[in-house]
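Enquirer: Build the 3D model from these lines:
(one chain, ligands or ions: 1)
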Amino acid sequence: MTIDSAETRFHIWDCQNLQPSEQQMRWADGFVLVYSILDRQSFEVARQQLAWLRGGARATVVLAGNKRDLCHRREVSVEEGRLLALGSGCAFLEVSAAEGYHGVLLVFRQLLAAVQEARAVPKRAARLRGIVRSISAVFGGKRRVD
Ligand SMILES: Nc1nc2c(ncn2[C@@H]2O[C@H](COP(=O)(O)OP(=O)(O)OP(=O)(O)O)[C@@H](O)[C@H]2O)c(=O)[nH]1
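Expert: Next up, the predicted model:
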């Protein structure tokens, strides 16, 4: 897939179970949780999965409400989806997989951005520690910064 003129290859593991296995958790850089906006039960499943994913590993997640083309039959409001994502600190989109590939492309673009952001945060923290250490060395401070 070409995103911002860079070629990005996604390997997708379609996970049907309620919780990903340990192997899937180790394998994945990020997760897309999809529910149908016509089906409240699928939203509740996504809520459970999100709680589980956000619990231990602080996984990178994008929440996607699908079938937006059928919004006259909607059971889950856009606000509910947005609120769930907001409370879990993940990205959120409503899309329609039936109306061409653009919505799906947006989901994967969001996922890539979230994964890149998650990877950048520890690097930024490490850089900051490096700067603080340098300052401590210059001023001969004894304070440890780990
Ligand atoms: N109208 C509409 N139909 C959709 C959309 N996305 C999927 N569908 C339809 O919903 C049905 C289920 O789609 P699947 O792709 O099989 O969904 P799934 O969740 O992977 O299903 P499983 O393989 O059983 O887990 C199919 O008939 C699709 O054509 C959408 O955005 N809009």
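
Enquirer: Phi first, then psi, for Phe92.
Expert: Per-residue torsions, Phe92: phi -140, psi 140 (degrees, to the nearest 10).

Enquirer: My guess is it contacts Val62. True?
Expert: Yes - with contact defined as Cβ atoms under 8 Å, Phe92 and Val62 form a contacting pair (7.5 Å). Any C-beta I mention is one placed from the backbone N, CA and C, and that applies to glycine too.

Enquirer: So between those two, which is more surrounded?
Expert: Taking other Cβ atoms under 10 Å, Phe92 and Val62 do not tie; Val62 has more neighbours (24 against 19).

Enquirer: Bridged to that one, which residues?
Expert: With DSSP bridges applied, Val62 shows beta-bridge pairing to Val32, Ala91.

Enquirer: just checking, it touches Gln110?
Expert: Yes - between Val62 and Gln110 there is a contact under Cβ under 8 Å: 4.9 Å.

Enquirer: Please enumerate the shared neighbours of these two.
Expert: Contact criterion Cβ atoms under 8 Å, 6 or more residues apart in numbering; residues shared by Val62 and Gln110: Ala91, Leu93.

Enquirer: Keeping just the C-alphas, turn stretch 42-57 into CSV.
Expert: Once non-C-alpha atoms are left out, stretch 42-57 reads as follows in CSV (Å, rounded to 0.1, in the frame of the first residue of the first chain):
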residue,chain,number,x,y,z
SER,A,42,-20.7,-6.4,17.8
PHE,A,43,-20.0,-3.1,19.5
GLU,A,44,-20.2,-4.7,22.9
VAL,A,45,-17.7,-7.3,21.8
ALA,A,46,-15.4,-4.5,20.5
ARG,A,47,-15.7,-2.8,23.9
GLN,A,48,-14.6,-6.0,25.7
GLN,A,49,-11.7,-6.6,23.2
LEU,A,50,-10.6,-3.0,23.7
ALA,A,51,-10.6,-3.3,27.4
TRP,A,52,-8.6,-6.4,27.2
LEU,A,53,-6.1,-5.0,24.7
ARG,A,54,-5.6,-1.8,26.7
GLY,A,55,-5.3,-3.6,30.0
GLY,A,56,-1.9,-5.2,29.9
ALA,A,57,0.2,-4.4,26.9
